[in-house]
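> Kindly return the folded structure for what I paste below:
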Amino acid sequence: MELGDILGWSLGVALPLLQVLGIASAVDAIMHARTPQGATAWVVALVLLPGIGLVTYWAFGRSRFEGYVKALRGLNARIEDLLEQKRDELAEWEVTPEEARDERTASELRGFSSLGGVPFTRGNGLRLLVDGDATFEAIFAAIDAAQETVLAQFYIIHDDTVGRAFKRRLLDAAGRGVRVHLLYDEVGSYALPRRYIRTLREGGVKVTSFSGERGWLGRFRINFRNHRKIVVVDGVEGFVGGLNVGDEYLSRDPDIGHWRDTHLAVRGPIVRQLQLSFVRDWYYSLGELIGGLGWEPDASPNDQCAMVVASGPADPLETAGLLYTQAINAAEHRVWIASPYFVPDGMVLGALQAAALRGVDVRVVMPRQSDAWYFRFVPYAFLPEIERAGVKVFLYEDGFMHQKVVLVDDDYAAVGTANFDNRSFRLNFEVTALAHDKTFCADVEAMLAADLARSTRLTEADLNEKSFLFRLAAQSTRLLSPVL
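Next comes the predicted model:
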């Protein structure tokens with residue numbers, strides 16, 4: 001048989017097989033896609049271009065995470081006794097909707113608690129950590145003072161100056177008898193050398209990666225990343241926010257310059273909620289339930305009301321998107337949002353427009369400079385339709401802004417890891433601390449006001465002055481929003 005005959009025979013077999021696989025995957029997309037628009041796009045790609053569509057779908061598609069769901073079912077059964085034992089001790093810290101000042105607030109508290117699966121609690125202390133120096137100074141000091149346990153979780157860990165300082169502190173803690181657990185995301189930390197992990201393990205630190213779905217197919221998936229950044233020390237002090245472990249987060253990357261970010265130091269019952277999120281992720285990653293942790297809340301004299309919302313693709317609802325939507329819908333006077341990646345879906349976009357139309361001061365701050373070239377077009381993608389409704393868009397000028405912060409009236413403030421994009425709403429595991437406290441809201445207001453003072457108002461006229469190719473690229477980001 002000649003080469004041409006072999007090629008013809010191969011194509012005759014491969015093309016029908018690709019078509020069959022494309023149709024089968026299209027059925028899978030119909031059954032599992034969370035939005036009709038997403039299902040339609042995948043079906044068209046898989047049926048008409050199966051060669052490209054199959055690779056793309058199984059790398060980026062499917063929004064369910066069944067392995068995690070099954071693991072959590074097993075975990076829930078195992079920790080039920082623990083939670084039951086602590087229920088009476090923790091009940092005194094819960095803030096129930098019945099305690100709200102009015103029915104509107106009661107409804108809001110009920111909605112947020114239902115989304116998060118945990119209640120608001122009193123007795124918390126919340127402290128803003130602005131930028132990397134303040135954040136890592138606080139985290140390192142807490143690890144240095146640890147006596148029993150350190151739980152640390154980051155999406156990205158680099159083997160650079162900050163990463164090595166982080167490693168030394170974990171090793172020092174383990175060396176003095178502290179039980180140290182480190183969880184990192186396998187994709188986010190793809191550049192982390194094996195020797196970094198090996199050194200930690202040899203020094204007594206328990207380390208594992210959040211590798212995503214088990215099995216050979218999971219190796220080709222880059223969705224379902226664990227984007228959470230959590231540190232819990234001795235069960236009494238916690239940290240959550242936007243910063244990973246790397247020199248760029250301390251403004252040491254000359255290509256990026258100043259890195260503007262926000263983290264949060266917390267004490268009180270809210271730490272228990274951060275710890276529970278970590279325990280769940282550790283169990284999924286390693287199949288091990290961490291025992292011997294401190295679950296007794298160490299109340300703060302600040303007595304602030306707060307909760308943790310740990311969201312992800314295993315949730316029955318789109319928790320992160322609904323959290324932001326409910327917060328926006330609750331606004332009566334003000335919604336200020338700071339996000340590096342603002343690619344909202346229809347649900348959030350409509351909530352922002354409706355808020356502005358009813359007279360709420362809606363402001364969205366995004367960075368002019370980005371850590372990825374294609375995100376320089378993002379601020380312009382939704383500009384016309386949100387500005388026409390009255391939403392004000394600002395570009396942060398002093399370096400790259402990476403914080404994820406929301407302020408609603410003087411009532412609610414959120415600091416966490418979730419961006420305003422499809423990945424955070426539907427694909428990534430995220431964590432957000434939500435406060436219902438006027439004092440903390442005032443702190444967030446002052447911080448965001450300083451950011452706004454370093455920002456420039458962006459209008460539709462600015463977009464119209466751009467070249468046709470720039471405007472085309474801006475609009476194209478909307479088409480790419482499911483994978484951005």
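
> what's the helix or strand for V162?
Assigned by DSSP states H and E, V162 belongs to helix 161-175.

> Which residues does that helix contact?
Under the criterion CB atoms under 8 Å, 6 or more residues apart in numbering, residues 132, 136, 140, 143-144, 146, 150, 152, 157, 180, 182, 192, 196, 199-200, 203-205, 245-247, 249-250, 252 lie in contact with helix 161-175. All C-beta atoms are positioned from the backbone trio N, CA, C, and that covers glycine.

> Then stretch 346-364?
With CB under 8 Å, 6+ apart, stretch 346-364 has contacts from 318, 321-322, 324-325, 328-329, 331-337, 339, 342, 344, 382, 385-386, 389-394, 420, 425, 452.

> thinking again about what came up before, output the helix or strand just after the helix holding V162 as CSV, nothing but the C-alphas.
Following helix 161-175 in sequence order, the next helix or strand is strand 179-185 (DSSP H and E). C-alpha atoms of strand 179-185 as CSV (Å, rounded to 0.1, in the frame of the first residue of the first chain):
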residue,chain,number,x,y,z
ARG,A,179,2.4,21.0,62.6
VAL,A,180,2.7,22.8,59.2
HIS,A,181,0.5,22.1,56.2
LEU,A,182,1.1,23.7,52.8
LEU,A,183,-1.4,23.5,49.9
TYR,A,184,-0.6,25.0,46.5
ASP,A,185,-2.3,24.9,43.1
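
> Quick check: which helices or strands does strand 179-185 pack against?
Packed against strand 179-185 by the contact rule (3 or more CB pairs under 8 Å, 6 or more residues apart in numbering; DSSP states H and E) you find strand 149-154, helix 161-175, strand 206-210, helix 270-286.

> so which of those gets nearest K404?
When the helices and strands packed on strand 179-185 are compared by CB to CB, strand 149-154 sits nearest K404, at 15.0 Å.

> Just the buried residues of that closest one, please?
Neighbour counts using 16 or more other CB atoms under 10 Å place T149, V150, L151, A152, Q153, F154 of strand 149-154 among the buried residues.

> now swap in stretch 375-392 and tell me
In stretch 375-392, counting by 16+ other CB under 10 Å, buried: 375-383, 386-387, 389-392.

> Mean confidence (pLDDT) on that stretch, please.
Average pLDDT, stretch 375-392: 84.

> Next, the distance between the ends of that stretch.
Start to finish, the residues bounding stretch 375-392 are 19 Å apart (CA to CA, to the nearest Å).

> and if you look at stretch 418-436?
18 Å.

> Off-centre distance for that stretch?
4 Å (CA atoms, centre = their mean, to the nearest Å).

> Repeat that for stretch 262-274.
For stretch 262-274, the distance to the chain centre is 16 Å (CA atoms, centre = their mean).

> pLDDT averaged over it - what is it?
The model assigns stretch 262-274 a mean pLDDT of 95.

> Quick one: low-confidence residue ranges for the stretch 51-200 of the chain.
In the predicted model of the stretch 51-200 of the chain, residues 51-90 satisfy pLDDT under 70.

> can you give me the helices for it?
66-91, 103-116, 131-144, 161-175, 194-202 (DSSP state H, counting those that start in this stretch).

> residues making contact with the shortest one?
Under the criterion CB under 8 Å, 6+ apart, residues I157, D159, G163, K167, L170, L171, L182, V207 lie in contact with helix 194-202.

> re the thing from before, can you select the buried ones from the contacts of helix 161-175 in ChimeraX?
Of the contacts of helix 161-175, the buried ones go into a single ChimeraX selection, burial set by 16+ other CB under 10 Å:
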select :132,136,140,143,146,150,152,157,180,182,192,196,199,200,203,204,205,245,246,247,249,250
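
> Go ahead and confirm I270 touches G238.
Yes: counting by CB atoms under 8 Å, I270 sits close enough to G238 to count as a contact (7.0 Å).

> Looking at these two, which is more packed in?
I270 (31 against 26; other CB atoms under 10 Å).

> which residues does the more buried one contact?
Applying CB under 8 Å, 6+ apart, the residues near I270 are T121, N124, L126, G238, A306, M307, V308, A433.

> can you rerun that using 6 Å?
N124, A306, V308 (CB atoms under 6 Å, 6 or more residues apart in numbering).
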